[in-house]
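Participant: have a look at this fold, sequence not included:
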């Protein structure tokens with residue numbers, strides 16, 4: 001009897017884990033965006049069955065947590081690469097740390113699952129609204145609690161060609177997450193209700209609602225919220241492909257500097273951009289003759305050079321972007337720092353004894369910094385995973401006409417991280433109606449249009465320059481004006497509305 005009972009128990013654990021892991025195929029580089037609707041629909045069905053049995057909240061938490069654990073273990077396995085392969089942490093410990101991190105991130109879908117089993121109305125469209133709202137609010141919390149980790153938010157899977165991408169300029173990535181979760185729940189309602197005569201009207205209503213969401217998104221996809229302004233700027237984005245193991249070695253310094261010099265020499269442009277920490281030293285330690293030589297190359301085109309470098313000294317240093325050239329020296333200091341990688345949370349100093357991170361006590365820059373003024377462009381610069389925080393990116397808007405991200409993805413090797421990061425940048429382009437330049441050390445360096453389409457990109461792990469003409473854009477999307485407030489506010493309203501109607505239905 002015990003052996004027979006263990007079979008359904010194992011299935012109850014394996015199914016949500018598998019659904020979560022399968023969700024990763026909806027994101028880049030795979031791009032099978034409808035898969036997320038199916039996997040979220042599967043989770044909705046599991047949670048709905050638990051709610052129908054009046055199961056305790058812990059069962060909903062377990063289902064949601066297992067779904068999240070499967071998704072994060074499959075989707076952010078590159079954390080193990082950064083800790084174990086390049087961070088120098090012992091591999092067993094790196095695996096354990098990765099598991100702990102994924103388990104911590106799974107607490108958010110666990111919270112959504114627990115609340116759903118307690119708050120879900122009987123069935124139908126009200127239940128679908130509650131699921132979508134709770135899922136969105138859990139993702140939003142994950143995006144800011146303890147500095148936030150918004151990676152793999154459901155909305156990121158819905159970049160073009162998904163029809164839901166049309167909602168991004170209005171409600172941002174969390175608004176698209178809301179509609180993704182709603183689409184999955186409606187699909188589940190159609191499947192669960194369509195085979196019974198008495199519930200077919202509910203299935204038909206769910207099908208109509210799903211069709212309306214998809215058609216509205218497709219219609220919005222052709223809407224232009226911003227407009228081109230002024231002339232284009234010729235850019236050269238340099239992908240040095242400097243191995244992370246070599247980057248900070250003194251004997252490799254000359255090779256790194258020359259790699260960027262030759263790339264810049266051979267690809268003249270009005271704006272030349274190097275990636276994050278391209279010059280692996282303090283700015284004050286960069287040889288003066290090297291900066292002069294790079295400045296002379298920029299002067300050939302009456303242009304500017306923008307590069308990533310550490311500014312300051314050992315008493316205070318910042319992860320910065322600096323520009324030199326005809327527009328004068330300008331600087332941006334990264335404000336949203338990465339825990340453990342760029343600052344050590346209180347109580348975790350022991351972590352540095354287990355991993356090798358060249359610099360891990362950066363000082364954050366100001367939250368709001370002026371755009372760079374280069375060739376009649378106002379360029380809002382951000383560094384590394386700062387572009388994963390849409391509400392922070394819009395601080396520079398609508399003043400900025402172009403967005404620029406500098407990253408060093410070498411920390412994550414040949415993993416899913418570079419493609420996922422590029423997809424995040426595409427979402428920022430959709431939200432803001434601005435072109436984005438994504439400049440990385442090992443890839444994927446890309447030029448992204450204001451419609452979220454990748455106009456040109458370099459293959460990963462190649463040393464090359466990406467050249468092209470970029471257009472300034474002016475104006476504001478609704479998301480630039482409202483930020484995440486619209487998606488979060490609608491989610492709370494949907495919860496209140498669905499719960500109230502569900503209570504009335506029960507009492508009658």
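Facilitator: Happy to help now that I have it. Bear in mind the structure is a predicted one, so any value in this text is a computation, not a measurement.
Participant: residue 487 reaches residue 137, doesn't it?
Facilitator: No. Look at residue 487 against residue 137 with Cβ atoms under 8 Å: they stay out of range, at 9.2 Å. (C-beta placed from N, C-alpha, C; glycine too.)
Participant: so these two - more neighbours on which side?
Facilitator: residue 487 (27 against 23; other Cβ atoms under 10 Å).
Participant: what's the spacing between the more buried one and residue 479?
Facilitator: 9 Å (Cβ to Cβ, to the nearest Å).
Participant: which neighbours do the two share?
Facilitator: 171-172, 175 (Cβ atoms under 8 Å, 6 or more residues apart in numbering).
Participant: sort out for me which of those residues are in helices.
Facilitator: 171-172, 175 (DSSP state H).
Participant: most neighbours among those, which one is it?
Facilitator: In terms of neighbour count, residue 172 stands highest of these at 32 neighbours, by other Cβ under 10 Å.
Participant: who touches that one in this structure?
Facilitator: 155, 390-391, 431, 479, 483-484, 486-487.
Participant: ok, residue 180 next?
Facilitator: Taking Cβ under 8 Å, 6+ apart, one finds 36-37, 40, 154-155, 157-158, 164 in contact with residue 180.
Participant: phi, psi of residue 224?
Facilitator: In terms of degrees, to the nearest 10, the main-chain angles of residue 224 are phi -100, psi 120.
Participant: spit out the contact partners of it.
Facilitator: Taking Cβ under 8 Å, 6+ apart, one finds residue 433 in contact with residue 224.
Participant: quick check: it vs residue 127, distance?
Facilitator: 37 Å.
Participant: go on, residue 156?
Facilitator: Separation of residue 156 from residue 127 (Cβ to Cβ): 25 Å.
Participant: any low-confidence regions in this protein?
Facilitator: For the chain, the stretches with pLDDT under 70 are 1-11, 194-199, 344-360, 499-508.
Participant: can you pull out the strands in it?
Facilitator: 227-239, 271-273, 279-282, 304-313, 316-325, 330-333, 372-374, 377-383, 402-407, 436-440, 446-448, 454-457, 464-474 (DSSP state E).
Participant: the first one pairs with which strands, and in what direction?
Facilitator: Here strand 227-239 has these sheet partners by DSSP bridges: strand 271-273 (parallel), strand 464-474 (antiparallel).
Participant: of all the ones you listed, which lies closest to residue 453?
Facilitator: Judged by Cβ to Cβ, the one of the strands paired with strand 227-239 that comes nearest to residue 453 is strand 464-474, at 13.0 Å.
Participant: for the closest one, list every residue counted as buried.
Facilitator: 464-468, 470-474 (16 or more other Cβ atoms under 10 Å).
Participant: repeat for stretch 156-176
Facilitator: Across stretch 156-176, burial judged by 16+ other Cβ under 10 Å covers 156-160, 162-176.
Participant: could you save the contacts of residue 180 as JSON lines and add columns showing distance to residue 98?
Facilitator: Compiled in JSON lines, the contacts of residue 180 are given as follows (distance: Cβ to Cβ, whole Å):
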{"residue": "36", "distance to residue 98": "23"}
{"residue": "37", "distance to residue 98": "28"}
{"residue": "40", "distance to residue 98": "24"}
{"residue": "154", "distance to residue 98": "22"}
{"residue": "155", "distance to residue 98": "24"}
{"residue": "157", "distance to residue 98": "22"}
{"residue": "158", "distance to residue 98": "27"}
{"residue": "164", "distance to residue 98": "30"}
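Participant: so which of the residues you listed sit within helices?
Facilitator: Counting by DSSP H, the part of the contacts of residue 180 found in helices is 36-37, 40.
Participant: next up, phi/psi of residue 28, please.
Facilitator: phi -60, psi 150.
Participant: ok, it to residue 422 distance?
Facilitator: Distance, residue 28 to residue 422, by Cβ to Cβ: 6 Å.
Participant: please apply the same query to residue 61.
Facilitator: 33 Å.
Participant: the two: which is more packed in?
Facilitator: Remark: of residue 61 and residue 422, residue 422 carries more neighbours, 25 against 21, as counted by other Cβ under 10 Å.
Participant: what residues are up against that one?
Facilitator: Applying Cβ under 8 Å, 6+ apart to residue 422 gives the contacts 28, 438, 444, 446, 448, 454, 457.
Participant: if you set the cut-off to 6 Å instead, what comes out?
Facilitator: Residues near residue 422 by Cβ atoms under 6 Å, 6 or more residues apart in numbering: 444, 446.
Participant: next: residue 441.
Facilitator: 240, 242, 275, 408, 410.
Participant: for stretch 213-233, measure first residue to last.
Facilitator: One end of stretch 213-233 sits 38 Å from the other (Cα to Cα, to the nearest Å).
Participant: still on that earlier bit, which one of the shared contacts of residue 487 and residue 479 is nearest residue 414?
Facilitator: Nearest to residue 414 among the shared contacts of residue 487 and residue 479, with distances taken as Cβ to Cβ, is residue 172, at 30.6 Å.
Participant: for residue 206, see how far away that closest one is.
Facilitator: To residue 206, residue 172 is 25 Å away according to Cβ to Cβ.
Participant: can you check residue 438 too?
Facilitator: Separation of residue 438 from residue 206 (Cβ to Cβ): 38 Å.
Participant: looking at these two, which is more packed in?
Facilitator: Using other Cβ under 10 Å as the criterion, residue 438 and residue 206 rank with residue 438 on top: 31 against 23.
Participant: that one pairs with what?
Facilitator: Under the criterion used (DSSP bridges), residue 438 bridges to residue 405, residue 446.
Participant: so for stretch 369-386, what gets flagged as buried?
Facilitator: Buried residues in stretch 369-386, defined by neighbour count with 16+ other Cβ under 10 Å: 369, 371-372, 374-375, 377-386.
Participant: just the residues contacting it, thanks.
Facilitator: Identification of contacts with stretch 369-386 by Cβ under 6 Å, 6+ apart yields 230, 233, 270-271, 276, 304, 319, 321, 323, 327, 330, 332, 334, 336, 396, 399-407, 472.
Participant: switch to 7 Å and redo it
Facilitator: Contacts with stretch 369-386, where a contact means Cβ atoms under 7 Å, 6 or more residues apart in numbering, come from 230-231, 233, 270-271, 276, 304, 306, 308, 319, 321, 323, 327, 330, 332, 334, 336, 338, 392-393, 396, 399-407, 472.
Participant: out of these, which are buried?
Facilitator: Buried members of the contacts of stretch 369-386, scored by 16+ other Cβ under 10 Å, are 233, 270-271, 276, 304, 306, 308, 319, 321, 323, 327, 330, 332, 334, 336, 338, 392-393, 396, 400-407, 472.
Participant: how far off centre is stretch 443-451?
Facilitator: Centre-to-centre, stretch 443-451 and its host chain are 14 Å apart (Cα atoms, centre = their mean, to the nearest Å).
Participant: quick check: end-to-end length of it?
Facilitator: 21 Å.
Participant: OK, contacts around the residue nearest to residue 130 when sequence neighbours are not counted?
Facilitator: With sequence-adjacent residues excluded and distances taken as Cβ to Cβ, 6 or more residues apart in numbering, residue 130 is closest to residue 498, at 4.9 Å. By Cβ under 7 Å, 6+ apart, the contact set of residue 498 is 121, 126, 129-130.
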